[in-house]
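S.K.: Next input, structure requested:
(one chain, ligands or ions: 1)
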Amino acid sequence: MRTPFIAGNWKMNTELTEAASLVREMLVELDKVADVEKVLCPPFISLTAVKKLIKGTSIELGAQNMYFEEKGAYTGEISPIMLVDLCNFVILGHSERRQYFAETDEVINKKIKKALQFGIKPILCVGETLEDNEAGRTEQVITSQVKAALAGVNSTDLLVVAYEPIWAIGTGRAATGKQANDTIGLIRNSVRSLWNNQIAQAVRVLYGGSVTGENIAEFIIETEIDGALVGGASLKAKDFLSIVSQTAAIKSSR
Ligand code: PEP
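M.R.: Model (predicted):
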């Protein structure tokens, strides 16, 4: 039985006081939702403040990126050493990192290995473009991204994967539950071929892309989908709470 998982990716939104207000707005109710792992991923500069606010609750913290070197002349980068005492998750390979910051599969693979080495749990994002989707290349793209990101990785128990079709991120055009479920099945196949069936069944795989309180149920009822990586809707306390509580209710009824 995989524990359901909902993470909020705040992206480059909220300055320090807004981040604190957002956490305060949902803290008590979010903490009460049992049987779902709940992770907030604010911008780097708010990690310390959010960590203090969630202390003693069931809410966990994640960063949105991390460099693969431990220290040195890498201006502007954040290392695993800086993150390890602050948060237990890190989003890696987000399509916005791939698209705007030219992150390659090779770089993402190095980051995944380094995060695992430090015990920081990676949320590995994979997803195809609209062009690839319409040309029927989804399976090829997803399989190749998963295999490249996880090449040479030997510990899988900390790993979470998020299927985020690029055409669905921030567009309001979510995939259907069936589409997401089918592609997540392909991700499990890739994990199976890298390791074995037991690992493929144990790894948590999320859907991400325009998830809201209105459509979360469509994804969560699907058997392969263990939760969601939520962008825009995670910036609204009410919506994020609704996503988390619906996930708890649906998954616990199965
Ligand atoms: C994301 O940032 O990972 C994401 C899925 O964004 P949104 O929910 O806004 O589409």
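S.K.: now whichever residue of the stretch 1-150 of the chain sits closest to the ligand: how far from V90?
M.R.: The stretch 1-150 of the chain approaches the ligand most closely through N9 (4.3 Å), counting by CB to the nearest ligand atom. C-betas here are computed from N, CA, C, even on glycine. Using CB to CB, to the nearest Å, N9 is found at 11 Å from V90.
S.K.: what touches both of those two?
M.R.: Q64 (CB atoms under 8 Å, 6 or more residues apart in numbering).
S.K.: tell me the contacts of whichever residue of the chain sits closest to the ligand?
M.R.: Closest contact between the chain and the ligand, by CB to the nearest ligand atom, is at G231 (2.1 Å). Residues in contact with G231 (CB under 8 Å, 6+ apart) are 9, 11, 169-170, 208, 211.
S.K.: Just among those residues, which is most surrounded?
M.R.: Highest neighbour count within the contacts of G231, by other CB atoms under 10 Å: V211, with 30 neighbours.
S.K.: follow-up on the earlier one: quick one, phi psi at the residue of the chain closest to the ligand?
M.R.: According to degrees, to the nearest 10, the main-chain angles of G231 amount to phi -90, psi -100.
S.K.: can you list the residues of the protein near the ligand?
M.R.: By the criterion of CB under 6 Å from any ligand atom, the positions of the chain lying close to the ligand are 9, 11, 164, 169-170, 208-211, 229-233.
S.K.: Present those as CSV; the columns should include pLDDT and secondary structure.
M.R.: Below are the residues of the chain next to the ligand laid out as CSV (pLDDT from 0 to 100; DSSP: H, G, I helix; E, B strand; the rest coil):
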residue, pLDDT, secondary structure
N9, 98, strand
K11, 98, coil
E164, 98, coil
I169, 95, coil
G170, 92, coil
G208, 98, strand
G209, 97, coil
S210, 97, coil
V211, 98, coil
L229, 98, strand
V230, 98, strand
G231, 98, coil
G232, 97, helix
A233, 98, helix
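S.K.: pLDDT score assigned to T156?
M.R.: At T156, the model reports a pLDDT of 87.
S.K.: Okay, V153 and L235: tell me how far apart.
M.R.: Applying CB to CB to V153 and L235 gives a distance of 32 Å.
S.K.: Against which helices or strands is the helix or strand harbouring V191 packed?
M.R.: Taking DSSP states H and E as the criterion, V191 maps to helix 177-194. Other helices and strands packing on helix 177-194, by 3 or more CB pairs under 8 Å, 6 or more residues apart in numbering; DSSP states H and E, are helix 138-150, strand 160-163, helix 197-202, strand 204-208, helix 216-220.
S.K.: what's the most buried one of these?
M.R.: The highest mean neighbour count among those, using mean count of other CB atoms under 10 Å, belongs to strand 160-163: a mean of 28.
S.K.: The strand or helix carrying V90 pairs with which strands, and in what direction?
M.R.: If you go by DSSP H and E, V90 is part of strand 89-92. Strands adjacent to strand 89-92 in the sheet, as given by DSSP bridges, are strand 59-63 (parallel), strand 121-126 (parallel).
S.K.: Distance to S252, mean neighbour count and mean pLDDT for the ones you listed - can I get that in a markdown table?
M.R.: A markdown table is the format used below for these (distance: least, CB to CB, whole Å; neighbours: other CB atoms under 10 Å; pLDDT from 0 to 100):
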| stretch | distance to S252 | mean neighbour count | mean pLDDT |
| --- | --- | --- | --- |
| strand 59-63 | 19 | 22 | 98 |
| strand 121-126 | 23 | 26 | 98 |
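S.K.: how about low-confidence regions in the stretch 1-150 of the chain?
M.R.: Low-confidence regions of the stretch 1-150 of the chain, defined here as pLDDT under 70, do not occur.
S.K.: show me where it has helices.
M.R.: Using DSSP state H, counting those that start in this stretch, the helices of the stretch 1-150 of the chain run over residues 16-32, 47-54, 80-83, 95-100, 105-117, 130-134, 138-150.
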